[in-house]
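K.L.:
Fold the following.
(one chain, ligands or ions: 1)
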Amino acid sequence: MWDFFETVRHRHSVRHYQPDMPVEREKLHAILEMACAAPSAGDLQSYHVTVVTAAAGREALRRAAADQAFVAEAPVVLVFCADPERSAGRFGERGRRLYALQDATIAAAYAQLAAVAAGMASTWVGDFDEEAVRGVIGAGPGLVPVALICVGYPAELPAESPRRPLAEVVRFLGETEG
Ligand SMILES: Cc1cc2nc3c(=O)[nH]c(=O)nc-3n(C[C@H](O)[C@H](O)[C@H](O)COP(=O)(O)O)c2cc1C
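P.N.:
Coordinates of the predicted model:
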């Protein structure tokens, strides 16, 4: 079992999956539990997750996602949708515009890390037609698709992608500065 830092370092976007290696039920359940363990505004979990495993559904999602082939190749696609009205019920406009999207996003990020910890890989797909994805999963207009998380056993070892240097991204505002 990897520790947290190893898990984060081993997460890379994988765009080829083993076609004959389905995701075990227990592992899928564990990934979904970890997604739901993420923090959310007011603990409302203002999101919904649809688990797509049927080949026809994954094919339809591939078409909805700019024809990115790995979307159909991955044995599981998790569709994370924000539920703005759920958050708006407690937090008004800020919940509707911001918190529901953040809730769904954080949950999806946790799912990605859980997939790594469970010995698998994933890719975050954001390039999709919202209406088409809604149609595939049968979601009403109240749900906003935020991310497709493709999950499966990797069939490639992607090179590490570079990151901006910390000094470029982070600024310390401490007592001793100046
Ligand atoms: C909001 C968002 C949208 C993304 N959309 C796509 C996508 O549509 N297709 C894709 O192949 N990767 C997509 N990615 C994955 C990024 O390309 C990837 O995370 C980035 O290049 C860093 O690589 P790494 O995940 O291996 O560290 C997306 C990631 C995020 C966070």
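K.L.:
can you list the weak-confidence ranges in this protein?
P.N.:
1-2, 177-178 (pLDDT under 70).
K.L.:
okay, stretch 128-137 in PDB with CA atoms only?
P.N.:
Written as PDB, here are the backbone C-alpha positions of stretch 128-137 (Å, rounded to 0.1, in the frame of the first residue of the first chain):
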ATOM      1  CA  PHE A 128     -17.100  17.100 -23.800                       C
ATOM      2  CA  ASP A 129     -20.500  18.400 -24.900                       C
ATOM      3  CA  GLU A 130     -22.500  18.900 -21.700                       C
ATOM      4  CA  GLU A 131     -25.900  18.300 -23.300                       C
ATOM      5  CA  ALA A 132     -24.700  15.100 -25.000                       C
ATOM      6  CA  VAL A 133     -23.300  13.700 -21.700                       C
ATOM      7  CA  ARG A 134     -26.600  14.600 -20.000                       C
ATOM      8  CA  GLY A 135     -28.400  12.600 -22.700                       C
ATOM      9  CA  VAL A 136     -26.100   9.500 -22.300                       C
ATOM     10  CA  ILE A 137     -26.600   9.300 -18.500                       C
END
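K.L.:
Now do the buried residues in that stretch.
P.N.:
Of all the residues in stretch 128-137, those buried under the rule 16 or more other Cβ atoms under 10 Å are 128, 133, 134, 136, 137. No exception for glycine: its C-beta is placed from N, CA and C like everyone else's.
K.L.:
Of those, just say which sits nearest to the ligand.
P.N.:
Of all the buried residues of stretch 128-137, residue 128 has the smallest distance to the ligand: 7.1 Å, by Cβ to the nearest ligand atom.
K.L.:
is it fair to say that closest one lies in a helix?
P.N.:
No. Applying DSSP: H, G, I helix; E, B strand; the rest coil, one finds residue 128 to be coil, outside a helix.
K.L.:
Let me see the contact set for it.
P.N.:
61, 64, 65, 66, 145, 148 (Cβ atoms under 8 Å, 6 or more residues apart in numbering).
K.L.:
now residue 55: how far from residue 128?
P.N.:
18 Å (Cβ to Cβ, to the nearest Å).
K.L.:
ugh, wrong one, residue 35
P.N.:
The separation that residue 35 has from residue 128, given Cβ to Cβ, amounts to 19 Å.
K.L.:
How about residue 66?
P.N.:
The value you get for residue 66 to residue 128, if Cβ to Cβ is used, is 7 Å.
K.L.:
Dump the C-alpha coordinates for stretch 155-164 into CSV.
P.N.:
Output of stretch 155-164 as CSV, limited to C-alpha atoms (Å, rounded to 0.1, in the frame of the first residue of the first chain):
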residue,chain,number,x,y,z
ALA,A,155,-1.8,-0.3,-20.8
GLU,A,156,0.8,2.4,-21.0
LEU,A,157,3.3,4.1,-18.7
PRO,A,158,3.0,7.7,-19.4
ALA,A,159,6.0,10.0,-19.1
GLU,A,160,5.8,12.4,-16.1
SER,A,161,4.3,15.7,-17.1
PRO,A,162,6.2,18.8,-16.1
ARG,A,163,4.9,21.3,-13.5
ARG,A,164,5.6,25.0,-13.1
